[in-house]
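Peer 1: Sequence and predicted structure below; questions after.
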Amino acid sequence: MKKSILGFLLLNVGAFMDAAGFYFFLSPDNIAAGGINGLALVLNHYLPFLPLGALVLILSLILLTTGFILIGTNFGIKTVYCSIVIPLWIWALEKLYPLQKPVADDLLIQMIFGVIISSIGLAILFNQNASSGGTDIAARILYKYHSLDLGKGLFIIDFFIVVAAAFTFGIEKGLYALLGVVMYSFTIDYIIAGIDTSHHVTIITRESERVREFIINELDRGVTIYTALGGYDRQERPVLISIVKRREYIKLRDYIRSLDPYAFISVQTTHKVLGEGFAPLD
(Lines give C-alpha, C1' and ligand atoms only; values in the text may rest on other atoms or scores of the structure.)
Protein backbone atom coordinates (compact mmCIF):
# COMPACT_ATOMS: atom_id res chain seq x y z
CA MET A 1 0.00 0.00 0.00
CA LYS A 2 2.80 2.39 0.96
CA LYS A 3 4.66 1.55 -2.26
CA SER A 4 1.52 2.19 -4.34
CA ILE A 5 0.98 5.60 -2.71
CA LEU A 6 4.63 6.55 -3.29
CA GLY A 7 4.38 5.45 -6.92
CA PHE A 8 1.25 7.55 -7.42
CA LEU A 9 2.93 10.59 -5.86
CA LEU A 10 5.98 10.13 -8.09
CA LEU A 11 3.75 9.96 -11.17
CA ASN A 12 2.24 13.32 -10.26
CA VAL A 13 5.61 14.87 -9.40
CA GLY A 14 7.03 13.71 -12.73
CA ALA A 15 4.00 14.97 -14.65
CA PHE A 16 4.18 18.36 -12.90
CA MET A 17 7.92 18.78 -13.61
CA ASP A 18 7.42 17.96 -17.28
CA ALA A 19 4.59 20.50 -17.48
CA ALA A 20 6.45 23.17 -15.47
CA GLY A 21 9.69 22.88 -17.47
CA PHE A 22 7.74 23.29 -20.69
CA TYR A 23 5.40 26.06 -19.51
CA PHE A 24 7.84 28.30 -17.63
CA PHE A 25 10.95 27.95 -19.81
CA LEU A 26 10.29 26.49 -23.27
CA SER A 27 6.89 27.89 -24.24
CA PRO A 28 7.58 31.62 -23.53
CA ASP A 29 10.40 31.62 -26.11
CA ASN A 30 8.66 29.27 -28.56
CA ILE A 31 11.26 26.50 -28.19
CA ALA A 32 9.37 23.56 -29.68
CA ALA A 33 11.85 20.85 -28.63
CA GLY A 34 9.93 17.91 -30.05
CA GLY A 35 7.20 15.87 -28.44
CA ILE A 36 3.53 16.63 -28.16
CA ASN A 37 4.31 19.81 -26.18
CA GLY A 38 6.43 21.13 -29.03
CA LEU A 39 3.73 20.32 -31.56
CA ALA A 40 1.16 22.10 -29.41
CA LEU A 41 3.43 25.15 -29.25
CA VAL A 42 3.58 25.30 -33.07
CA LEU A 43 -0.19 24.87 -33.41
CA ASN A 44 -0.79 27.52 -30.74
CA HIS A 45 0.88 30.05 -33.04
CA TYR A 46 -1.84 29.44 -35.63
CA LEU A 47 -4.63 28.85 -33.09
CA PRO A 48 -3.87 31.48 -30.41
CA PHE A 49 -7.44 31.37 -29.07
CA LEU A 50 -6.79 27.85 -27.71
CA PRO A 51 -4.74 27.63 -24.45
CA LEU A 52 -1.59 25.53 -24.61
CA GLY A 53 -2.93 23.10 -22.03
CA ALA A 54 -6.09 22.60 -24.06
CA LEU A 55 -4.09 21.93 -27.23
CA VAL A 56 -1.85 19.40 -25.49
CA LEU A 57 -4.90 17.68 -24.03
CA ILE A 58 -6.67 17.53 -27.41
CA LEU A 59 -3.57 16.12 -29.12
CA SER A 60 -3.09 13.59 -26.30
CA LEU A 61 -6.67 12.38 -26.58
CA ILE A 62 -6.40 12.12 -30.37
CA LEU A 63 -3.20 10.06 -30.13
CA LEU A 64 -4.58 7.89 -27.34
CA THR A 65 -7.73 7.16 -29.34
CA THR A 66 -5.72 6.44 -32.48
CA GLY A 67 -3.39 4.20 -30.51
CA PHE A 68 -6.27 2.23 -28.99
CA ILE A 69 -7.71 1.69 -32.48
CA LEU A 70 -4.47 0.79 -34.26
CA ILE A 71 -2.36 -1.01 -31.66
CA GLY A 72 -4.74 -1.99 -28.87
CA THR A 73 -4.98 -1.16 -25.19
CA ASN A 74 -1.44 -2.09 -24.14
CA PHE A 75 -0.25 1.38 -23.10
CA GLY A 76 -0.80 0.81 -19.41
CA ILE A 77 -3.00 2.81 -17.08
CA LYS A 78 -0.04 4.92 -15.91
CA THR A 79 0.68 6.21 -19.41
CA VAL A 80 -3.00 6.99 -20.01
CA TYR A 81 -3.12 8.81 -16.68
CA CYS A 82 -0.01 10.90 -17.45
CA SER A 83 -1.24 11.69 -20.96
CA ILE A 84 -4.21 13.45 -19.36
CA VAL A 85 -2.60 14.88 -16.21
CA ILE A 86 0.34 16.64 -17.95
CA PRO A 87 -1.86 18.87 -20.18
CA LEU A 88 -4.13 19.54 -17.19
CA TRP A 89 -1.09 20.75 -15.25
CA ILE A 90 -0.13 23.04 -18.15
CA TRP A 91 -3.68 24.35 -18.32
CA ALA A 92 -3.71 24.97 -14.54
CA LEU A 93 -0.37 26.82 -14.68
CA GLU A 94 -1.72 29.03 -17.45
CA LYS A 95 -4.62 30.01 -15.21
CA LEU A 96 -2.68 30.34 -11.95
CA TYR A 97 0.56 31.92 -13.24
CA PRO A 98 -0.04 33.68 -16.55
CA LEU A 99 3.32 34.67 -18.02
CA GLN A 100 3.81 38.21 -19.33
CA LYS A 101 7.41 37.56 -20.38
CA PRO A 102 10.05 34.80 -20.22
CA VAL A 103 11.61 34.02 -16.84
CA ALA A 104 15.08 34.88 -18.18
CA ASP A 105 16.21 37.09 -21.04
CA ASP A 106 18.78 34.60 -22.31
CA LEU A 107 17.27 32.14 -24.79
CA LEU A 108 19.92 29.49 -24.11
CA ILE A 109 19.32 29.66 -20.34
CA GLN A 110 15.59 29.22 -20.94
CA MET A 111 16.20 26.20 -23.14
CA ILE A 112 18.66 24.52 -20.78
CA PHE A 113 16.52 24.90 -17.66
CA GLY A 114 13.37 23.89 -19.52
CA VAL A 115 14.94 20.72 -20.86
CA ILE A 116 16.57 19.77 -17.54
CA ILE A 117 13.42 20.25 -15.44
CA SER A 118 11.21 18.51 -17.97
CA SER A 119 13.75 15.68 -18.42
CA ILE A 120 13.82 15.01 -14.68
CA GLY A 121 10.04 14.72 -14.75
CA LEU A 122 10.06 12.37 -17.72
CA ALA A 123 12.83 10.26 -16.18
CA ILE A 124 10.70 9.87 -13.03
CA LEU A 125 7.78 8.73 -15.20
CA PHE A 126 9.92 6.25 -17.15
CA ASN A 127 11.32 4.89 -13.88
CA GLN A 128 7.72 4.22 -12.79
CA ASN A 129 7.08 2.25 -16.01
CA ALA A 130 4.98 5.12 -17.39
CA SER A 131 5.46 7.72 -20.10
CA SER A 132 3.97 11.02 -21.16
CA GLY A 133 2.12 9.32 -24.01
CA GLY A 134 1.91 11.69 -26.96
CA THR A 135 4.52 11.07 -29.63
CA ASP A 136 5.53 7.83 -27.87
CA ILE A 137 2.22 6.41 -29.11
CA ALA A 138 2.87 7.66 -32.64
CA ALA A 139 6.28 5.94 -32.54
CA ARG A 140 4.62 2.69 -31.46
CA ILE A 141 2.25 2.92 -34.43
CA LEU A 142 5.22 3.35 -36.79
CA TYR A 143 6.89 0.37 -35.12
CA LYS A 144 3.84 -1.88 -35.59
CA TYR A 145 3.09 -1.01 -39.21
CA HIS A 146 6.54 -0.15 -40.58
CA SER A 147 8.89 -2.12 -38.24
CA LEU A 148 10.67 1.13 -37.41
CA ASP A 149 12.60 1.11 -34.12
CA LEU A 150 10.97 3.21 -31.41
CA GLY A 151 14.04 5.42 -31.02
CA LYS A 152 14.21 6.10 -34.77
CA GLY A 153 10.46 6.68 -34.90
CA LEU A 154 10.63 9.28 -32.13
CA PHE A 155 13.58 10.97 -33.84
CA ILE A 156 11.70 11.22 -37.15
CA ILE A 157 8.61 12.65 -35.42
CA ASP A 158 10.68 15.15 -33.43
CA PHE A 159 12.58 16.11 -36.58
CA PHE A 160 9.37 17.10 -38.36
CA ILE A 161 8.23 19.05 -35.29
CA VAL A 162 11.56 20.92 -35.29
CA VAL A 163 11.18 21.67 -39.01
CA ALA A 164 7.68 23.01 -38.31
CA ALA A 165 9.10 25.12 -35.48
CA ALA A 166 11.78 26.57 -37.77
CA PHE A 167 9.16 27.37 -40.40
CA THR A 168 6.84 28.94 -37.81
CA PHE A 169 9.23 30.77 -35.45
CA GLY A 170 12.33 31.23 -37.59
CA ILE A 171 15.54 29.30 -38.18
CA GLU A 172 17.15 30.42 -34.90
CA LYS A 173 14.27 29.06 -32.80
CA GLY A 174 14.35 25.92 -34.95
CA LEU A 175 18.02 25.37 -34.17
CA TYR A 176 17.37 25.86 -30.46
CA ALA A 177 14.53 23.34 -30.73
CA LEU A 178 16.88 20.85 -32.42
CA LEU A 179 19.45 21.37 -29.67
CA GLY A 180 16.68 20.82 -27.12
CA VAL A 181 15.73 17.48 -28.73
CA VAL A 182 19.34 16.30 -28.52
CA MET A 183 19.62 17.46 -24.90
CA TYR A 184 16.38 15.67 -23.99
CA SER A 185 17.77 12.37 -25.25
CA PHE A 186 21.06 12.56 -23.35
CA THR A 187 19.64 14.12 -20.18
CA ILE A 188 16.82 11.59 -19.75
CA ASP A 189 19.21 8.66 -20.29
CA TYR A 190 21.70 10.13 -17.79
CA ILE A 191 19.05 10.73 -15.13
CA ILE A 192 17.48 7.29 -15.54
CA ALA A 193 20.92 5.69 -15.24
CA GLY A 194 21.43 7.61 -11.99
CA ILE A 195 18.02 6.66 -10.61
CA ASP A 196 18.50 2.97 -11.41
CA THR A 197 22.05 2.71 -10.06
CA SER A 198 22.74 -0.26 -7.80
CA HIS A 199 25.95 -1.75 -6.42
CA HIS A 200 27.22 -5.24 -7.22
CA VAL A 201 29.21 -6.11 -4.10
CA THR A 202 31.74 -8.92 -3.69
CA ILE A 203 32.81 -9.60 -0.09
CA ILE A 204 35.54 -11.75 1.48
CA THR A 205 35.54 -11.70 5.28
CA ARG A 206 36.20 -13.87 8.31
CA GLU A 207 32.66 -13.01 9.47
CA SER A 208 30.88 -14.28 6.36
CA GLU A 209 28.00 -15.90 8.25
CA ARG A 210 27.14 -12.75 10.19
CA VAL A 211 27.40 -10.67 7.00
CA ARG A 212 25.12 -13.13 5.21
CA GLU A 213 22.51 -12.78 7.97
CA PHE A 214 22.78 -8.99 7.87
CA ILE A 215 22.19 -8.87 4.11
CA ILE A 216 19.17 -11.17 4.30
CA ASN A 217 17.56 -9.99 7.54
CA GLU A 218 18.49 -6.30 7.75
CA LEU A 219 18.75 -5.27 4.10
CA ASP A 220 16.16 -7.75 2.81
CA ARG A 221 18.38 -8.61 -0.14
CA GLY A 222 19.55 -11.88 -1.61
CA VAL A 223 23.11 -13.13 -1.41
CA THR A 224 25.06 -15.78 -3.30
CA ILE A 225 27.93 -17.66 -1.66
CA TYR A 226 30.62 -19.70 -3.36
CA THR A 227 33.95 -21.09 -2.23
CA ALA A 228 37.16 -19.68 -3.71
CA LEU A 229 40.79 -20.72 -3.37
CA GLY A 230 43.21 -17.97 -2.32
CA GLY A 231 46.07 -17.59 -4.76
CA TYR A 232 48.59 -16.57 -2.09
CA ASP A 233 47.92 -18.89 0.86
CA ARG A 234 46.03 -21.60 -1.09
CA GLN A 235 43.26 -21.63 1.52
CA GLU A 236 39.56 -21.96 0.74
CA ARG A 237 37.27 -19.19 1.90
CA PRO A 238 33.62 -18.16 1.24
CA VAL A 239 32.92 -15.29 -1.13
CA LEU A 240 29.63 -13.41 -0.80
CA ILE A 241 27.99 -11.61 -3.74
CA SER A 242 24.97 -9.33 -3.45
CA ILE A 243 23.33 -6.47 -5.35
CA VAL A 244 22.13 -3.59 -3.18
CA LYS A 245 20.99 0.00 -3.53
CA ARG A 246 23.39 2.84 -2.74
CA ARG A 247 22.05 3.53 0.77
CA GLU A 248 21.99 -0.19 1.52
CA TYR A 249 25.61 -0.45 0.42
CA ILE A 250 26.62 2.26 2.89
CA LYS A 251 24.92 0.33 5.73
CA LEU A 252 26.55 -2.90 4.58
CA ARG A 253 30.01 -1.35 4.32
CA ASP A 254 29.77 0.19 7.80
CA TYR A 255 28.56 -3.10 9.28
CA ILE A 256 31.40 -5.10 7.71
CA ARG A 257 33.92 -2.53 8.87
CA SER A 258 32.68 -2.87 12.45
CA LEU A 259 33.02 -6.66 12.27
CA ASP A 260 36.18 -7.16 10.28
CA PRO A 261 38.49 -4.19 9.51
CA TYR A 262 40.54 -6.48 7.25
CA ALA A 263 37.63 -7.59 5.06
CA PHE A 264 37.89 -7.31 1.28
CA ILE A 265 35.03 -5.54 -0.58
CA SER A 266 34.83 -5.05 -4.33
CA VAL A 267 32.09 -2.73 -5.64
CA GLN A 268 30.83 -2.31 -9.21
CA THR A 269 28.16 0.16 -10.29
CA THR A 270 25.21 -1.50 -12.07
CA HIS A 271 22.80 0.69 -14.03
CA LYS A 272 20.00 -1.81 -14.50
CA VAL A 273 18.84 -4.70 -12.34
CA LEU A 274 15.73 -6.70 -13.17
CA GLY A 275 13.99 -9.23 -10.95
CA GLU A 276 12.60 -9.63 -7.46
CA GLY A 277 13.25 -6.61 -5.27
CA PHE A 278 14.26 -4.45 -8.23
CA ALA A 279 12.60 -3.47 -11.53
CA PRO A 280 10.08 -5.92 -13.02
CA LEU A 281 11.25 -8.08 -15.93
CA ASP A 282 8.66 -6.50 -18.26
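Peer 2: Thanks, I have the structure now.

Peer 1: pretty sure T269 is in a helix, no?
Peer 2: No. Read with DSSP: H, G, I helix; E, B strand; the rest coil, T269 is strand and lies in no helix.

Peer 1: give me every residue that touches it.
Peer 2: T197, S198, H199, H200 (C-beta atoms under 8 Å, 6 or more residues apart in numbering). (C-beta placed from N, C-alpha, C; glycine too.)

Peer 1: wait, what's in contact with the third one?
Peer 2: Neighbour list for H199: I243, V244, K245, R246, E248, Y249, V267, Q268, T269, T270 [criterion: C-beta under 8 Å, 6+ apart].

Peer 1: cutoff 10 Å now
Peer 2: Listed by C-beta atoms under 10 Å, 6 or more residues apart in numbering, the contact set of H199 reads 242-246, 248-250, 252-253, 265, 267-270, 273.

Peer 1: which of the residues in stretch 191-201 are buried?
Peer 2: I191, I192, D196, S198, H199, V201 (16 or more other C-beta atoms under 10 Å).

Peer 1: Which residue in the residues you listed has the weakest pLDDT?
Peer 2: Among these, D196 carries the lowest pLDDT, at 70.

Peer 1: pretty sure that one contacts Q128?
Peer 2: No. Counting by C-beta atoms under 10 Å, D196 stays clear of Q128, with 11.8 Å between them.

Peer 1: What segments of this structure are strands?
Peer 2: Ranges of strands within the chain are 198-204, 224-229, 236-245, 264-270, based on DSSP state E.

Peer 1: Can I get these in TSV including distance to V115?
Peer 2: Shown next, in TSV, are the strands of the chain (distance: least, C-beta to C-beta, whole Å):
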stretch	distance to V115
strand 198-204	27
strand 224-229	41
strand 236-245	28
strand 264-270	25
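
Peer 1: Deepest-packed of those strands, please.
Peer 2: Mean neighbours per residue, mean count of other C-beta atoms under 10 Å, is largest over the strands of the chain for strand 198-204, with a mean of 20.

Peer 1: which ones are touching K251?
Peer 2: Listed by C-beta under 10 Å, 6+ apart, the contact set of K251 reads F214, I215, E218, L219, V244, K245.

Peer 1: The second one is in contact with R253, isn't it?
Peer 2: No. The pair I215 / R253 is not scored as a contact, 11.9 Å apart, by C-beta under 10 Å.

Peer 1: now Y262: how far from Y232?
Peer 2: Distance of Y262 to Y232, given as C-beta to C-beta, to the nearest Å: 14 Å.

Peer 1: tell me how far the longest helix anywhere in the chain is from the chain's mean position?
Peer 2: Taking DSSP state H as the criterion, the chain has its longest helix at helix 171-195. Between the centre of helix 171-195 and the centre of its chain there are 13 Å (C-alpha atoms, centre = their mean, to the nearest Å).
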